[in-house]
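K.L.:
Sharing a model that was predicted from the sequence below.
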Amino acid sequence: MLKYLFLIVLTGWGPAQWHVSPTPPQWHSNMEEAQQLARQEHKHILLNFSGSDWCGPCIMLRKEVFDDPSFQSFSDSTLVLVNADFPRLRKNQLSKEQQQMNDRLADQYNSQGKFPLTLLLGADGKILKQWEGNPGLKPAEFAGQIASIIDQDRSH
(Lines give C-alpha, C1' and ligand atoms only; values in the text may rest on other atoms or scores of the structure.)
Protein backbone atom coordinates (compact mmCIF):
# COMPACT_ATOMS: atom_id res chain seq x y z
CA MET A 1 0.00 0.00 0.00
CA LEU A 2 2.80 2.40 0.90
CA LYS A 3 4.39 1.70 -2.48
CA TYR A 4 1.22 2.84 -4.29
CA LEU A 5 0.90 5.94 -2.15
CA PHE A 6 4.53 6.79 -2.95
CA LEU A 7 3.83 6.37 -6.69
CA ILE A 8 0.80 8.66 -6.49
CA VAL A 9 2.79 11.34 -4.69
CA LEU A 10 5.83 10.92 -6.95
CA THR A 11 3.86 11.22 -10.18
CA GLY A 12 1.58 13.96 -8.91
CA TRP A 13 -1.37 11.85 -9.86
CA GLY A 14 -4.03 12.25 -7.25
CA PRO A 15 -7.49 13.67 -6.60
CA ALA A 16 -6.85 16.78 -8.72
CA GLN A 17 -6.37 14.53 -11.75
CA TRP A 18 -9.38 12.33 -10.98
CA HIS A 19 -12.00 14.85 -12.02
CA VAL A 20 -13.46 14.56 -15.49
CA SER A 21 -11.96 17.19 -17.75
CA PRO A 22 -14.47 19.63 -19.19
CA THR A 23 -15.60 19.01 -22.72
CA PRO A 24 -14.08 21.43 -25.19
CA PRO A 25 -16.36 24.30 -26.13
CA GLN A 26 -18.36 23.94 -29.29
CA TRP A 27 -17.24 26.02 -32.23
CA HIS A 28 -20.19 26.95 -34.37
CA SER A 29 -19.99 27.35 -38.12
CA ASN A 30 -23.32 29.09 -38.73
CA MET A 31 -23.38 32.76 -37.71
CA GLU A 32 -27.17 33.04 -37.71
CA GLU A 33 -27.46 30.16 -35.24
CA ALA A 34 -24.63 31.62 -33.16
CA GLN A 35 -26.34 35.02 -32.98
CA GLN A 36 -29.61 33.42 -31.94
CA LEU A 37 -27.80 31.44 -29.22
CA ALA A 38 -25.91 34.54 -28.07
CA ARG A 39 -29.18 36.46 -27.70
CA GLN A 40 -30.86 33.60 -25.82
CA GLU A 41 -27.93 33.08 -23.44
CA HIS A 42 -26.94 36.76 -23.14
CA LYS A 43 -23.44 36.08 -24.47
CA HIS A 44 -21.08 37.74 -26.91
CA ILE A 45 -19.66 36.11 -30.04
CA LEU A 46 -16.01 35.40 -30.71
CA LEU A 47 -15.55 34.97 -34.47
CA ASN A 48 -12.26 33.49 -35.63
CA PHE A 49 -11.14 33.38 -39.26
CA SER A 50 -8.62 30.60 -39.68
CA GLY A 51 -6.74 28.55 -42.21
CA SER A 52 -6.66 25.38 -40.14
CA ASP A 53 -4.34 23.43 -42.41
CA TRP A 54 -1.99 26.08 -43.79
CA CYS A 55 -1.83 29.15 -41.51
CA GLY A 56 0.88 28.74 -38.87
CA PRO A 57 -0.28 31.62 -36.65
CA CYS A 58 -3.87 30.25 -36.83
CA ILE A 59 -2.73 26.82 -35.70
CA MET A 60 -0.64 28.30 -32.87
CA LEU A 61 -3.53 30.52 -31.70
CA ARG A 62 -5.79 27.47 -31.56
CA LYS A 63 -3.24 25.37 -29.66
CA GLU A 64 -1.94 28.04 -27.29
CA VAL A 65 -5.15 29.95 -26.51
CA PHE A 66 -8.40 28.44 -27.75
CA ASP A 67 -7.54 24.87 -26.67
CA ASP A 68 -6.29 25.97 -23.23
CA PRO A 69 -8.59 24.69 -20.43
CA SER A 70 -8.68 28.07 -18.66
CA PHE A 71 -9.74 29.86 -21.86
CA GLN A 72 -12.27 27.12 -22.59
CA SER A 73 -13.78 27.54 -19.13
CA PHE A 74 -14.01 31.31 -19.63
CA SER A 75 -15.48 31.04 -23.13
CA ASP A 76 -18.02 28.42 -22.10
CA SER A 77 -19.64 30.82 -19.66
CA THR A 78 -19.22 34.03 -21.67
CA LEU A 79 -18.99 33.46 -25.41
CA VAL A 80 -20.52 31.76 -28.40
CA LEU A 81 -17.57 30.67 -30.52
CA VAL A 82 -17.72 30.80 -34.32
CA ASN A 83 -15.00 29.53 -36.63
CA ALA A 84 -14.88 30.54 -40.27
CA ASP A 85 -12.27 28.14 -41.59
CA PHE A 86 -10.63 28.37 -45.00
CA PRO A 87 -8.66 25.14 -45.42
CA ARG A 88 -6.60 24.59 -48.56
CA LEU A 89 -5.94 20.85 -48.58
CA ARG A 90 -8.40 18.82 -50.62
CA LYS A 91 -8.94 16.36 -47.76
CA ASN A 92 -10.10 19.22 -45.50
CA GLN A 93 -12.40 20.95 -47.97
CA LEU A 94 -15.68 22.19 -46.60
CA SER A 95 -19.10 21.48 -48.02
CA LYS A 96 -20.21 23.94 -50.70
CA GLU A 97 -22.86 25.29 -48.32
CA GLN A 98 -20.34 25.83 -45.50
CA GLN A 99 -17.86 27.48 -47.88
CA GLN A 100 -20.57 29.89 -49.00
CA MET A 101 -21.44 30.75 -45.38
CA ASN A 102 -17.76 31.38 -44.61
CA ASP A 103 -17.38 33.48 -47.76
CA ARG A 104 -20.33 35.64 -46.68
CA LEU A 105 -18.76 36.09 -43.23
CA ALA A 106 -15.48 37.05 -44.86
CA ASP A 107 -17.26 39.57 -47.10
CA GLN A 108 -18.85 41.14 -44.04
CA TYR A 109 -16.04 40.94 -41.45
CA ASN A 110 -12.76 40.08 -43.20
CA SER A 111 -12.77 41.69 -46.64
CA GLN A 112 -8.96 42.00 -46.61
CA GLY A 113 -8.50 38.26 -46.06
CA LYS A 114 -6.36 38.41 -42.91
CA PHE A 115 -5.49 35.20 -41.07
CA PRO A 116 -5.95 34.71 -38.28
CA LEU A 117 -8.47 37.42 -37.62
CA THR A 118 -10.47 37.26 -34.41
CA LEU A 119 -13.41 39.53 -33.67
CA LEU A 120 -15.44 40.06 -30.54
CA LEU A 121 -19.03 40.79 -31.53
CA GLY A 122 -22.22 41.67 -29.75
CA ALA A 123 -25.12 39.28 -30.25
CA ASP A 124 -26.31 41.74 -32.92
CA GLY A 125 -23.10 41.22 -34.92
CA LYS A 126 -21.62 44.63 -34.07
CA ILE A 127 -17.80 44.56 -33.90
CA LEU A 128 -16.53 45.48 -30.43
CA LYS A 129 -12.85 44.55 -30.95
CA GLN A 130 -10.69 42.81 -33.50
CA TRP A 131 -7.29 41.16 -33.25
CA GLU A 132 -5.26 40.78 -36.45
CA GLY A 133 -2.85 37.89 -36.42
CA ASN A 134 -2.04 35.94 -33.30
CA PRO A 135 -2.26 38.48 -30.45
CA GLY A 136 0.60 36.70 -28.66
CA LEU A 137 -1.24 36.72 -25.34
CA LYS A 138 -1.46 34.01 -22.73
CA PRO A 139 -4.97 32.48 -22.50
CA ALA A 140 -5.74 34.34 -19.24
CA GLU A 141 -4.58 37.65 -20.72
CA PHE A 142 -6.72 37.17 -23.83
CA ALA A 143 -9.73 36.20 -21.69
CA GLY A 144 -9.08 39.27 -19.52
CA GLN A 145 -9.13 41.58 -22.54
CA ILE A 146 -12.36 40.04 -23.74
CA ALA A 147 -13.96 40.26 -20.28
CA SER A 148 -13.00 43.93 -19.99
CA ILE A 149 -14.54 44.76 -23.38
CA ILE A 150 -17.71 42.83 -22.52
CA ASP A 151 -17.98 44.70 -19.21
CA GLN A 152 -17.69 48.03 -21.04
CA ASP A 153 -20.26 46.94 -23.61
CA ARG A 154 -22.75 45.87 -20.94
CA SER A 155 -22.37 49.14 -19.04
CA HIS A 156 -23.50 51.16 -22.09
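P.N.:
Looks like it came in fine.

K.L.:
Can you show me the helices along the protein?
P.N.:
2-11, 15-18, 31-41, 56-61, 69-78, 96-109, 139-155 (DSSP state H).

K.L.:
show me where pLDDT drops low in the protein?
P.N.:
1-23 (pLDDT under 70).

K.L.:
Could you find the residue nearest the spatial middle of it?
P.N.:
Residue closest to the average C-alpha location in the chain (C-alpha atoms, centre = their mean): residue 66, at 4.7 Å.

K.L.:
Serialize the helices of the chain to a markdown table and add fields for mean neighbour count.
P.N.:
Backbone N, C-alpha and C define where each C-beta goes, glycine included. Below are these laid out as a markdown table (neighbours: other C-beta atoms under 10 Å):
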| stretch | mean neighbour count |
| --- | --- |
| helix 2-11 | 9 |
| helix 15-18 | 8 |
| helix 31-41 | 16 |
| helix 56-61 | 18 |
| helix 69-78 | 16 |
| helix 96-109 | 14 |
| helix 139-155 | 14 |
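
K.L.:
Which one of those helices lies nearest to residue 127?
P.N.:
helix 96-109 (7.2 Å; C-beta to C-beta).

K.L.:
Next, count neighbours for the residue nearest to residue 46 when sequence neighbours are not counted.
P.N.:
Excluding the flanking residues, the one nearest residue 46 by C-beta to C-beta, 6 or more residues apart in numbering is residue 79, at 4.7 Å. Per other C-beta atoms under 10 Å, the neighbour tally for residue 79 reads 23.

K.L.:
for the helices of the chain, which one sits closest to residue 86?
P.N.:
Once these are compared by C-beta to C-beta, helix 96-109 is nearest, at 6.4 Å.
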